[in-house]
Every structure is written in structure tokens, then in C-alpha cells.
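J.: Here is my input, please return the structure:
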Amino acid sequence: MTTSINRQFRLRSRPTGEVTEHDLEWLEEPLADIKEGQALVRTLYLSLDPTNRVWMSQIRSYIAPVELGSVMRGLGVGQVVASRRADLPVGAFVVGFTGWQEYCIADDSTLEIPFTILPQPLPAPLPAFLGVLGHTGISAFLGVELGDPQPGETFVVSAAAGAVGSIAGQLAKQRGARVVGIAGGAAKCEYLVEEIGFDACVDRHSDDWRERLDDATPEGIDVDFENAGGPIMDYVLDRLNVGARITLCGLISEYNDYSDQGARPGLQNVSQLLMQRVTLRGFIVTDHVDRYGEIIGELAKALGGGALQYAETIVDGLEHARETLNSALSGNTQGKVVVKVADL
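T.: Residues are numbered from 1 along each chain as shown. Coordinates of the predicted model:
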């Protein structure tokens, strides 16, 4: 090793609204020596996801909140640079919970999910294993599978220009569905329609976005791949057809409000779940770890054959992770958002 310092973010307080420097502290700490049964992983790319904001709060979730004082939880791609375990050899590329830090000690007795070694040779660039061939691509695959769009049905996806939504729309299109995206801004809508083949896209920033969604879904909505929550989801509920399916992947519009339990208005059109006999299914990607290999194989085949396209926003420098997450939650990024932490 040529360094004894580990730069990282530690969670100091539960954010209210956007994440500030008082919530996530940027600091340098001594790098500990590895012990028997451990490996040292250098983070190369860090994934920034809306769920990062959920983990900072104390809301009841699918995983325990990040403890105050702890390194911020996060998924990353890294390379093993020192090892005292046979299953993680030096030089191997891995994906897992690196945290928001330059170096992570891989110890299965303390990690929430063990690191996974990436195949050699790599079938795609490293950032893709945090996006289209990683947890976001897998989320898109699972959500479309659960929604089961049929040929001719109308499939609506919110946060459609994001890492999950953009892949989900393409997968639904391959099943023969008519795909309508909801995204923030005319440029994102143009990208979704003109470049990756959505049938229509509604700009949520437009004053008349509700009327535009009506026009884009004249036959109603059969499948809702829900990433946004809030007013968008509420309006979609009122356009669901009988027997519609909702796959609930995220509620991005609400995450900055999780520190204030009284700030979130409830859905007004929830009665439509009953009236239209709707099936709503929430899912968490980490519940399906046993299928990761199978799904990544399918996505890699589609990617290699030109049937999938993806966009990335790559920001250089771990120190910029905090403001980049805020920007992503505000809808100012496109595709998979990744921070480049180090060069190979």
C-alpha cells in the first residue's frame, strides 16, 4: 500500500430537506491494517441512489438507518488491493457496499451483503455494474417482470430518465407495450422518445402535465412502474384501468421530507385501488440476490445486442458526492449517477 489515509463521509445528523455539510462530514482517517479473513478494497466508482437519502433518516425501512457517526452506506465498484482471504484475490474487481469512502475493509462478519467478484474479462465498463448491469438494471428487470406488461397495454414509468426508469421503459417496450414516460424537463423527454424509443413522454415541469398525461394515455394505464410518489402517483391512480398493476420501486419526491413525519400529504385517489381492482406490489432489489446472476446475464445479452441503451452522469471526485446526491434528488441529473473515486 502507498497510502495510510482513508478519505470518507460520516453521517453526523439526520438531514432536514437537502443534505448539508453538517449532516455528512468529510474527513480523513488513518487506514487500518487488515487482519486474517479480511481484504482491502479501493473504491473506484460510487453509486449515488435516491435510497441513500432514505438510509440517512429514521423512517421504518427495509434496512436499518445508517448509525450516526458511521461511514455513509453506499454501493460501489472497487478493486482488491490487499488481501488475507483466498476468495478475494489482489487485483479482482468487486461490487458491494463500499460505503462513501476511498477504502473499505471486506469482512463478511460485518458487511451487510458480501462483495461479489466481477467476471473477467469485463463485459462492460466498470460504472455499468452500478447501473444497467447492476442494482438499478436489476430493479428495472424485476419491476417490469412483476408488472407483466402485455402487447398493446399502456405502461407508464415515472422518473423515466433515471437509471431505473429508462431501462424499465425499454424492457416494457420489448414486451410490446406502449410506453409513456414522466420525466423532468423537455430535454429528458426528447431523449426518451427520440433516442431510446418511448412512445411518449410527459414533462412534469409543465403547468399542464396532467392534461398532457391524459393525452398520452387515451386508453388509460394498465401498468404503472412507480418511482416518484407524491402528486404524480396520485394522478396516475385516477387513470388506472380495471385490473391494472402497480410495481412500487421508489418514492423519490418524498425522500427529503422523511425527517418531518407531518410534511407528507397522503394519496387522495387511493380508492381507485379498490374501484379498479388494482394489484400493487412493492419490491426491494436486495430480496432477489439469488437471481442477480441470471438477470445480469439477460441484461448483458440485451446490451451486447444493442437492445438496451443507457445514460450516465459521472462526477469526478468523492468529495463531490454530497452535492451530487442533492442534485440527483432535485432531478438535475440524467441516467445512472456515479462518482468516480479513483483511477485504476
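J.: show me where pLDDT drops low in the stretch 151-300 of the chain?
T.: 258-265 (pLDDT under 70).
J.: so where do the strands sit in it?
T.: Using DSSP state E, counting those that start in this stretch, the strands of the stretch 151-300 of the chain run over 154-158, 178-183, 200-203, 221-226, 240-248, 279-282.
J.: any idea which of those is most buried?
T.: strand 154-158 (a mean of 30; mean count of other C-beta atoms under 10 Å). From N, CA and C alone the C-beta is placed, and that goes for glycine too.
J.: so how far is stretch 292-312 off the chain centroid?
T.: 16 Å (C-alpha atoms, centre = their mean, to the nearest Å).
J.: Stretch 195-213 now?
T.: A distance of 21 Å separates the centroid of the chain from that of stretch 195-213, by C-alpha atoms, centre = their mean.
J.: Also stretch 162-172?
T.: A distance of 11 Å separates the centroid of the chain from that of stretch 162-172, by C-alpha atoms, centre = their mean.
J.: For it, output the C-alpha coordinates as CSV.
T.: Taking C-alpha atoms only, stretch 162-172 is exported to CSV below (Å, rounded to 0.1, in the frame of the first residue of the first chain):
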residue,chain,number,x,y,z
GLY,A,162,-33.3,7.9,-14.3
ALA,A,163,-31.2,4.8,-14.0
VAL,A,164,-34.2,2.5,-13.3
GLY,A,165,-36.9,4.2,-15.3
SER,A,166,-35.1,4.4,-18.6
ILE,A,167,-34.2,0.7,-18.5
ALA,A,168,-37.7,-0.3,-17.3
GLY,A,169,-39.3,1.5,-20.2
GLN,A,170,-37.1,-0.2,-22.8
LEU,A,171,-37.8,-3.6,-21.3
ALA,A,172,-41.6,-3.0,-21.4
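J.: Contact partners for G143?
T.: Residues counted as contacts of G143 (C-beta atoms under 8 Å, 6 or more residues apart in numbering) are V164, A168, F225, T247, C249, F283.
J.: Mind checking the pLDDT average for the helix or strand hosting it?
T.: Using DSSP states H and E, the element containing G143 is helix 135-147. Summarised as a single mean, pLDDT over helix 135-147 is 97.
J.: List the buried residues of that helix.
T.: Residues of helix 135-147 classed as buried by neighbour count (16 or more other C-beta atoms under 10 Å): 135-147.
J.: Just name the closest of those to V90, please.
T.: V90 has its nearest neighbour among these in H135, at 25.4 Å by C-beta to C-beta.
J.: my read: the closest one touches G76, true?
T.: No. The criterion here is C-beta atoms under 8 Å, and H135 misses it with G76 at 11.2 Å.
J.: Overlap in contacts, these two.
T.: The contact sets of H135 and G76 overlap at S47 (C-beta under 8 Å, 6+ apart).
J.: Make sure I have this right: E319 is in a strand.
T.: No. Counting by DSSP: H, G, I helix; E, B strand; the rest coil, E319 is not found in a strand; it is helix.
J.: What count of nearby residues applies to it?
T.: 13 (other C-beta atoms under 10 Å).
J.: repeat for W55
T.: W55, neighbours per other C-beta under 10 Å, totals 17.
J.: The one 3 residues further on too?
T.: Taking other C-beta under 10 Å as the neighbour definition, Q58 ends up with a count of 11.
J.: Relative to S13, how far out is it?
T.: 11 Å (C-beta to C-beta, to the nearest Å).
J.: And for L267?
T.: In this view, L267 and S13 are 30 Å apart by C-beta to C-beta.
J.: Now for the residue nearest to E190 when sequence neighbours are not counted: which residues touch it?
T.: Spatial nearest neighbour of E190, excluding adjacent residues (C-beta to C-beta, 6 or more residues apart in numbering): C201 at 7.9 Å. Contact partners of C201, counting by C-beta under 8 Å, 6+ apart, are A160, V180, G181, I182, A183, K188, C189, E190, L192, V193, A216.
J.: what about C201, distance to I105?
T.: Distance from C201 to I105, by C-beta to C-beta: 44 Å.
J.: same deal with I182?
T.: 41 Å.
J.: One more: N6?
T.: 10 Å.
J.: One more: P114?
T.: Taken as C-beta to C-beta, the span from P114 to I105 is 13 Å.
J.: From the neighbour counts alone, determine which of these two ranks first.
T.: A count of neighbours by other C-beta under 10 Å puts I105 above the other of P114 and I105, at 19 against 14.
J.: The more buried one belongs to a strand?
T.: Yes. Counting by three-state DSSP, I105 is found in a strand.
J.: ok, L118 - how many residues close by?
T.: 20.
J.: sorry, back to before: want to throw the strands of the stretch 151-300 of the chain into JSON lines with distance to S47?
T.: Listed next are the strands of the stretch 151-300 of the chain as JSON lines, based on distance: least, C-beta to C-beta, whole Å:
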{"stretch": "strand 154-158", "distance to S47": "20"}
{"stretch": "strand 178-183", "distance to S47": "20"}
{"stretch": "strand 200-203", "distance to S47": "25"}
{"stretch": "strand 221-226", "distance to S47": "20"}
{"stretch": "strand 240-248", "distance to S47": "21"}
{"stretch": "strand 279-282", "distance to S47": "21"}
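J.: nearest to Y292, of those?
T.: Nearest to Y292, of all the strands of the stretch 151-300 of the chain, is strand 240-248, at 18.3 Å by C-beta to C-beta.
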